[in-house]
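S.K.: Mind folding the following:
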Amino acid sequence: MVFFLEKKVVIDYNLQFFAGSNDGGEKTEKPTERKRTKAREEGQVAKSMEVTTALMLVIMFSAIKLFTPYIYEKLQNMYKHVYSKFKLATDELTINFAVDIVKYTLTGILEILLPFFAIVVAIGLVGNFLQVGWKPSAKTMKPKFNKLSPLQGFKRLFSLRSLMELLKALLKISIIIVIVYFSIKGKEDLILLVYDLSLLDGLKLMTDLALDIGIKVGAFYIIVAVVDYIYQRYSLEKQLKMTKQEVKQEYKETEGNPEIKSKIRQKMREASMKRMMQDLPNADVIITNPTHFAVAIKYDSEESLAPVVIAKGVDILAAKIKSVAIDNDIEIVENKPLARTLYYTVDIGNEIPAELYQTVAEVLAFVYNLKKNKEG
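M.R.: A predicted model of the protein is given here:
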């Protein structure tokens, strides 16, 4: 008899293992201006080296082709000068003679190459300026010790980005080979004529052919540069994207915690209310509507050109203003339209507008007459 025993195996696992590594969820939000600025300060910008390479190839080969006559003439003069020196040297070669020849030759070569060195530097600066503008960052020059880690280097070597760069390099080399092949194809007979030409004519022929190929390769690199620059911008935008939690956190850091801001506003309102109630006993008149609105007016010709609103309130605050007015023997005048207009159009501490001068003047005149009669 055979018995089958059923045994259950329970494996404990954590579903968080399968969750994304980003805190706050997936990066779905566009980067804020602060995030972009911070990334730029750290040297994290959308920049393609292909743009500089394309400019370098096209401009350099075009410049070489343009200055070819000058280069040929300079080389000829150098050759004639050195040859004539050797021809005139009847004695044995001395160290001074060799130094003079080397010095003259190096000076001539530098005269030929210096303009092209200047062009290379200018292209490098212009290529970077066109892409990222002028904002140098010293942070990119700081050493990053994590890059010295063999493990990190191994990860970068076999990362998807490295693979893409390798494929891109192989594709570029393949296309350049095709360009060179079709540039030479059909010109085999012309190339073979080099053996029948003089050294200078043969050099000119080969130089022209090389320059034509270089300009075509440069034109191809312009297309590569445009595509790569678009990709670099897309890649940077994707890299700078933020989670909703990061956006909220940045808002708190820049604008302040909403709860703290609310408490600050409350404190400011309380301070403003305290000042208002302190100034209220100095009012000349309280204008009401009569239950909902109350506005306190004060006029001092030495301090202001027009009457000033020193306090105002609605409902409970209006009742409090009237209570203080009664305690301080301040006249309360009922004028519904004027009370509403002053409440909604004039801030505390501001003068009344010109269009209300006449109406407020009549109220103040009435109050002054009352006080005069009481005193009389």
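
S.K.: helix, strand or coil for the nearest residue to residue 283 once chain neighbours are set aside?
M.R.: Nearest in space to residue 283, with sequence neighbours left out and distances taken as CB to CB, 6 or more residues apart in numbering, is residue 296 at 3.9 Å. In short, each C-beta sits where N, CA and C put it, glycine included. The three-state label given to residue 296 by DSSP: H, G, I helix; E, B strand; the rest coil is strand.

S.K.: Can you give me every residue that contacts residue 65?
M.R.: Residues counted as contacts of residue 65 (CB atoms under 8 Å, 6 or more residues apart in numbering) are 208, 211, 215.

S.K.: Using a markdown table, please lay out the residues you listed together with neighbour count.
M.R.: Below are the contacts of residue 65 laid out as a markdown table (neighbours: other CB atoms under 10 Å):
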| residue | neighbour count |
| --- | --- |
| 208 | 12 |
| 211 | 18 |
| 215 | 19 |
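
S.K.: Including distance to residue 180, could those residues go into TSV?
M.R.: As requested, those are exported to TSV (distance: CB to CB, whole Å):
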residue	distance to residue 180
208	15
211	13
215	12
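
S.K.: picking up where we left off before, mind listing the residues bridging to the residue nearest to residue 283?
M.R.: Bridge pairing for residue 296 (DSSP bridges) gives the partners residue 286, residue 311.

S.K.: which residues sit in contact with it?
M.R.: 280, 283, 285-286, 309-312, 321, 325, 330.

S.K.: mind redoing it with 6 Å?
M.R.: By CB atoms under 6 Å, 6 or more residues apart in numbering, residue 296 lies in contact with 280, 283, 286, 310-311.

S.K.: quick revisit: just the ones of the contacts of residue 65 in helices?
M.R.: Of the contacts of residue 65, the ones assigned to helices by DSSP state H are 208, 211, 215.

S.K.: give the contact list for residue 218.
M.R.: Contacts of residue 218 by CB under 6 Å, 6+ apart are 57-58, 61.

S.K.: hang on, it is in a strand, isn't it?
M.R.: No - according to three-state DSSP, the state of residue 218 is helix, so it is not within a strand.

S.K.: tell me the mean pLDDT for the helix or strand containing residue 53?
M.R.: Using DSSP states H and E, the element containing residue 53 is helix 49-66. In this model, helix 49-66 carries a mean pLDDT of 82.
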